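Visitor: quick one, fold the following:
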Amino acid sequence: MLQNYLIIALRNLKKFRFTSFINIFGLTTGLTCCLLILTYLLYESSFDRYNKEAKNVYRVERTFLNPENGALSLELGAVSPPFAPLLQSDFKDIKKITRFLPASTTPMKWEDKIFNEKKLFFADENLFDVFDVTLLKGNPAKALTDPFTVILSEETARKYFGDGDPLNKVVRFNNQFDCKVSGIYKAFPPNAHLHPDLLLSFNTLRDPAVYGEENLRTNWGNNAFYTYVLLPDGYNHKTLEAQFPAFIDRHMPNDRGRFKQSEGTFLTLRPLTDIHLYSHKDDEMEENGDIKRIYTFSAIALFILLIACINYMNLSTARSVLRAKEIGVRKVVGARKWELIGQFLTESIVVCWVATLLALLLTWISLPWLNQLSGQTLSLSTLLNWKIIGLLMLIPFITGILAGIYPSLFLSSFQPIRVLKGVLKIGGGNISFRKVLVVAQFAISIILIISTAIVFQQLHFMQQKSLGFNKDRLLTIRYNGALNNTYESFRTSLLADASVREVGRSSRIPSGRLLDAMDSQIDRGDSLAPSKADIKFINADEHFLSTYGVHMVEGRGFRGEQGTDTASFLINEEAVKALGLKSNREAIGKPFRYGGRPGTLVGVFNSFHFESMHQRILPLVVQEAKPPFGYANISIKVAGNIPAAISHIEKTWKQFAPEVPFDYTFLDDRFARLYESEQRQGAIFSLFSCIAIFIACLGLFGLSAFTITQRMKEIGIRKVLGASTRQIVQLLSKDFLLLVLIAAVIAFPVAWYTMNSWLQEFAYRIPISAWVFAAAAIIAALVALVTIGIQAVKAALTNPVQNLRTE
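Guide: Model prediction:
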């Protein structure tokens, strides 16, 4: 029986070539989208699962609140250094603890080779007990035990030493101290949430010249230490979390007055395997994925597959008249309903098997493109495990049943007597259902068109909106201690060339995150009173604001030689509001204390976008640091010929910091990278929207072709009675255009709700315009009109004599 089903299915595929092509093409495209998204989903959800203890490893995270009002201030994926040893001593259930401390861009030297290392971390000796790090050379028990030892990734070792043996070689760290190479490790896999190139022994930090034992024990403010705990199998980490408030109050010095420390900060544990998709802290090691993006792309892929399945249902039921006599004869000779259902489902499954095999081929071909678009390293091997292969084997059956169940039930319900007498009439019920399916197709397509348009509108808005300063022609360099004693001479040399307009230095630069904050006090009449405001700060010299074109709206900037105006503070307009001051003028001359440093508010500058458009403009205080401490970046405003300016800056840099490689970035490039995720999302939306509309139109083309064929005699009679070509086209098109209009009415509220929710992720966003919805409906209608019009015009131009010859 099954063999008979297959033979008939293949005959029908050959017999109805045009319909078969539309069905196979649509299903292949839909399944390809699903397989690509499945590959992406499996890759994204595999992060850090390569570690044998992955299910038992948790990252310790810290959140800051304003104790006055409970408002969220800061969410960090790292904690301060005293926490790790205290957690280990207080909670015996913790089996192991390990830490990473990322170093800023650091020059490393071996012989005459110098490289700026951007992925250098200090790592605990317990690293190998918590994470699966494959040490290719060296002893895991000792590789990170001794201070001033370093282990390198294979690629980094090759960069420094070529094919030579790197063990026990000595490299120079930041031109300050020597480190011995104690091991070579296999690079962390792509699906890890961090990718260090060099791992320096954590015990190196105990040296007072580097960080110091005292700082490791008492510095509660430096929340830069990524701390991971290993818990026993089956241990409920919430049990441990519940004890953290008492732990914080027991160990942290209470400097919050009437508030407990646990009312201003708390610790949580995040499963290692959740970091990539669910963690979006203010200080992630690398850019993480987003589970919402996974849901969105999965929904789009399923929508496209659904559109393809709808095509199959529509075309199968539309051509039912052509198979009516076949069904009648089968029933007369004894075929039962379930056998007919089996026949039609077999045909559907055969089509889906062909589509699945073609989809696997297209997936393999398309993966390099998707990798380029998504910035990932996806591979078809992701699908090659027994669980996924089992799912792939089920896909043709699931899709075939989904696409074929309604046509099977409908076709098998024909009454043989009516069929064989030639009086079969396709009832209104199935026509109405086909219309519902067409409406669903175009509703999905319109939703995707609207979503794509709004994504690109928001991207354009973020890229064009004024930041409150001029980001063009701004070049940034990491500050290095080699300039501590010669910075003013370095700056003077830079400004000696007309291509350099201004030079300033600061602890942070725009496009980064504002993570630093301290308590503040403001004059309230006769004394300083604590402020409830959460005010971030940066250290900057007297040239920083002018370098960025930020202007003072009240008062003055820093003045005098660098480091001599440390009792003065500058604040932005948002800070004026946060401090409860009535005007910018009222702020000038106010006694102010920030982080224990007393001083006076001397100037108010315009609020500008320091961070991306995802974040609102925060209250900000700018203070001078006492050289050489407190600065991490140099900002240079250039003019004229940019290559000539870069050449001059590089030459000057090499003159004053010959042991540090010259490395720079342009600020506008840094801001552009902030929105790469949205740009990729917009590109994928555009592609999927085009695919969805194309498949919907392909189905509409087939359906309209069949419908018009059924009405050829009616068209002939109308032409004989004097109907024009335009009237015939209008007659044949209006029903389908009405369906597109109904689809638009359904799609509009769904698209508005979806995109309004997405826009809430941005502190600064566009209003959703009505014209986007109108444009989407018009585009869908025009595409449908062209699709149907081709068939309608062809029918209208046919000689009516040919259509009426048989009557």
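
Visitor: straight-line length of stretch 113-130, end to end?
Guide: 33 Å (CA to CA, to the nearest Å).

Visitor: buried sites along that stretch?
Guide: Residues of stretch 113-130 classed as buried by neighbour count (16 or more other CB atoms under 10 Å): 115, 117, 119-128, 130. Bear in mind the C-beta positions are built from the backbone N, C-alpha and C, glycine included.

Visitor: the helix or strand hosting A575: how far from the chain's middle?
Guide: Using DSSP states H and E, A575 sits within helix 573-578. When distances are taken as CA atoms, centre = their mean, to the nearest Å, helix 573-578 is centred 32 Å away from the chain's centroid.

Visitor: need the residues that contact it.
Guide: Applying CB atoms under 8 Å, 6 or more residues apart in numbering, the external contacts of helix 573-578 come out as 531, 533-535, 553, 583-584, 586-587, 604-607, 617-621.

Visitor: could you list the buried residues of it?
Guide: 573-576, 578.

Visitor: possible to save those as JSON lines with pLDDT and distance to K238?
Guide: Shown next, in JSON lines, are the buried residues of helix 573-578 (pLDDT from 0 to 100; distance: CB to CB, whole Å):
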{"residue": "E573", "pLDDT": "95", "distance to K238": "43"}
{"residue": "E574", "pLDDT": "95", "distance to K238": "37"}
{"residue": "A575", "pLDDT": "94", "distance to K238": "38"}
{"residue": "V576", "pLDDT": "95", "distance to K238": "42"}
{"residue": "A578", "pLDDT": "92", "distance to K238": "35"}
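
Visitor: mind putting those in CSV, distance to Q88 included?
Guide: As requested, the buried residues of helix 573-578 are arranged in CSV below (distance: CB to CB, whole Å):
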residue, distance to Q88
E573, 46
E574, 41
A575, 40
V576, 45
A578, 39
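
Visitor: nearest to T19 among the residues you listed?
Guide: Set against T19, the nearest of the buried residues of helix 573-578 by CB to CB is E574 (63.1 Å).

Visitor: gap between that closest one and F608?
Guide: 10 Å (CB to CB, to the nearest Å).

Visitor: now the common contact residues for these two.
Guide: I617.

Visitor: measure stretch 228-236 end to end?
Guide: 16 Å.

Visitor: excluding chain neighbours, what is closest to F173?
Guide: C179 (5.2 Å; CB to CB, 6 or more residues apart in numbering).

Visitor: in helices, which of the contacts of helix 573-578 appear?
Guide: 584, 586-587 (DSSP state H).

Visitor: quick check: P190 touching T377?
Guide: Yes: under the criterion of CB atoms under 8 Å, P190 makes contact with T377 at 4.6 Å.

Visitor: before we move on, the earlier item: in TSV, list the buried residues of stretch 113-130 along with secondary structure and distance to T268.
Guide: Output for the buried residues of stretch 113-130, formatted as TSV (DSSP: H, G, I helix; E, B strand; the rest coil; distance: CB to CB, whole Å):
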residue	secondary structure	distance to T268
F115	strand	37
E117	strand	31
K119	coil	26
L120	strand	28
F121	strand	22
F122	strand	23
A123	strand	23
D124	coil	21
E125	coil	26
N126	coil	21
L127	helix	22
F128	helix	26
V130	helix	18
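
Visitor: those residues into CSV, with extra columns for distance to L362 and pLDDT?
Guide: Shown next, in CSV, are the buried residues of stretch 113-130 (distance: CB to CB, whole Å; pLDDT from 0 to 100):
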residue, distance to L362, pLDDT
F115, 42, 91
E117, 41, 92
K119, 36, 94
L120, 42, 95
F121, 41, 96
F122, 46, 96
A123, 43, 96
D124, 46, 94
E125, 49, 93
N126, 47, 93
L127, 42, 95
F128, 42, 94
V130, 41, 95
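
Visitor: wait, which of these is closest to Y764?
Guide: K119 (31.8 Å).

Visitor: check contacts around that closest one.
Guide: K119 sits next to 195-198 when contact means CB under 8 Å, 6+ apart.

Visitor: how much space separates it from W653?
Guide: Taking CB to CB, one finds K119 at 22 Å from W653.
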